[in-house]
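> Fold the stuff below for me.
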Amino acid sequence: MTFGGAGGRKKTQIFRRLPFDCCSLSLQPFEHPVCTEDGIIFDLVNIVPYLKKFGTNPATGEKLDAKSLIKLNFFKNANDEYHCPISLRVFNENTHIVAIKPSGNVFAYEAVERLNIKAKFWKDLMTDEPFTRKDIITIQ
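Now for the predicted structure:
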């Protein structure tokens with residue numbers, strides 16, 4: 001919050017969250033998405049040179065190496081929109097989106113909750129690759 005000049009009015013800035021399909025470093029839509037275990041998404045072409053130069057996560061300042069990045073597999077529908085491959089629900093700014101760490105596949109949380117967590121079926125819904133609850137990474 002900043003205070004203006006004459007009149008002492010308060011000027012507030014509105015906080016806007018970065019869209020889920022944007023790189024947290026370049027702030028541009030990604031083409032080759034990768035993420036950290038915290039769910040921070042980067043574009044591979046932007047984060048690798050940054051890590052070679054600085055060796056830290058640009059969002060948190062903590063040490064980060066390229067080997068710990070997780071390649072993400074987003075799915076698109078016929079209209080070129082990102083969606084959950086199981087529920088076919090199109091992602092928007094309010095969708096709870098998660099990734100499964102071993103496979104990198106991205107789903108709507110509702111599908112993972114209903115078909116994996118509640119059913120105690122700990123295999124990726126697309127590849128049948130086993131995972132644990134700790135392998136679920138919240139993207140948004």
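> contacts for the top helix by length along the chain?
Ordering each helix of the chain by length in residues (DSSP state H) puts helix 44-54 first. For helix 44-54, contacts defined as Cβ atoms under 8 Å, 6 or more residues apart in numbering pick out 23, 25-26, 31-34, 58, 64-66, 69, 71. For every residue, glycine as well, the C-beta is placed using N, CA and C.
> Among those, which one is most surrounded by other residues?
Sorting the contacts of helix 44-54 by how many neighbours each has (other Cβ atoms under 10 Å) puts Pro33 first, at 25 neighbours.
> Excluding sequence neighbours, find me the nearest residue to it.
Leu72 (4.2 Å; Cβ to Cβ, 6 or more residues apart in numbering).
> can you count the residues close to that neighbour?
21.
> Ok, Lys53 next?
Lys53, neighbours per other Cβ under 10 Å, totals 8.
> And the pLDDT for it?
Looking at Lys53, its pLDDT is 93.
> Distance of Ile14 relative to Asn94?
17 Å (Cβ to Cβ, to the nearest Å).
> on that earlier part again, ok, and for the longest helix of the chain, which residues are buried?
Residues Leu44, Asn46, Ile47, Tyr50, Leu51 are the ones in helix 44-54 that count as buried (16 or more other Cβ atoms under 10 Å).
> Pretty sure Asp38 sits against Thr60.
Yes: using Cβ atoms under 8 Å, Asp38 is in contact with Thr60, at 7.2 Å.
> biggest separation within the contacts of helix 44-54, which pair?
Glu31 and Asp65 (21.7 Å; Cβ to Cβ).
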